[in-house]
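A.B. asks: return atomic coordinates for the entry below.
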Amino acid sequence: MNSKNFFYVLACISYCLIIGTGIYEHFAVWPVAFSEPPKSLTMFQGDYALQSESFWKLVHPVTLVLLLTTLGLNWKTARKKHILITLVTYITALIVTFIYYVPELKSIIGTSFTSTIDAAIQARGSLWITLSKIRLSFIFVSAFVLILGLTKPEYK
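C.D. replies: Numbers count the residues shown, from 1 in each chain. Next comes the predicted model:
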């Protein structure tokens, strides 16, 4: 396997890892976290809090480097278009993530504990989940575009 294919496959794996983790969080974490806030938000607080941030801080830079490397190696091939579409989608998703998703999530999960359900926080959490699913859908579609690029010739 040459370097073009090797890095392309690694980029696909890394990108799909992001999708898999996002799907996991949408099925296993967010429905529970936003079910009865702020009581249900304790999973993010205290000594044994869920710390998914460390994963995301690692996987995003690695994925960006792999996609950029793959783009550089495939610049003069029919694959370039597929990689560019994915890269633009991913960078757009990251920008929106840092502008809205991360600050809103930190605001929600930082809510002080009380056993009374806060309907306003619950609504914010519900909106966050809905918008996040839309973001994840765009990433999901762009992953198919990226993988489809592997079917294109590696030389022009």
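A.B. asks: going forward, measure contacts and count neighbours with C-alpha atoms only.
C.D. replies: Fine.
A.B. asks: low pLDDT regions in this protein?
C.D. replies: 156 (pLDDT under 70).
A.B. asks: centre-most residue in it?
C.D. replies: I18 (5.0 Å; C-alpha atoms, centre = their mean).
A.B. asks: now for that one: which residues touch it?
C.D. replies: Residues near I18 by C-alpha atoms under 8 Å, 6 or more residues apart in numbering: V59.
A.B. asks: what is the neighbour count of the residue lying closest to M43 once chain neighbours are set aside?
C.D. replies: Ranked by C-alpha to C-alpha, 6 or more residues apart in numbering and with sequence neighbours excluded, the top spatial neighbour of M43 is A49, at 5.3 Å. Neighbourhood size, A49 [other C-alpha atoms under 10 Å]: 11.
A.B. asks: check the one 10 residues further on too.
C.D. replies: Burial of V59, expressed as a neighbour count using other C-alpha under 10 Å, amounts to 14.
A.B. asks: tell me which residues of the helix or strand hosting it are tucked away?
C.D. replies: Per DSSP states H and E: V59 is located in helix 53-73. For helix 53-73, the neighbour count (16 or more other C-alpha atoms under 10 Å) marks H60, T63, L64, L66, L67, L68, T69, T70, L71, L73 as buried.
A.B. asks: neighbours of G22, how many?
C.D. replies: Other residues close to G22 by other C-alpha under 10 Å number 17.
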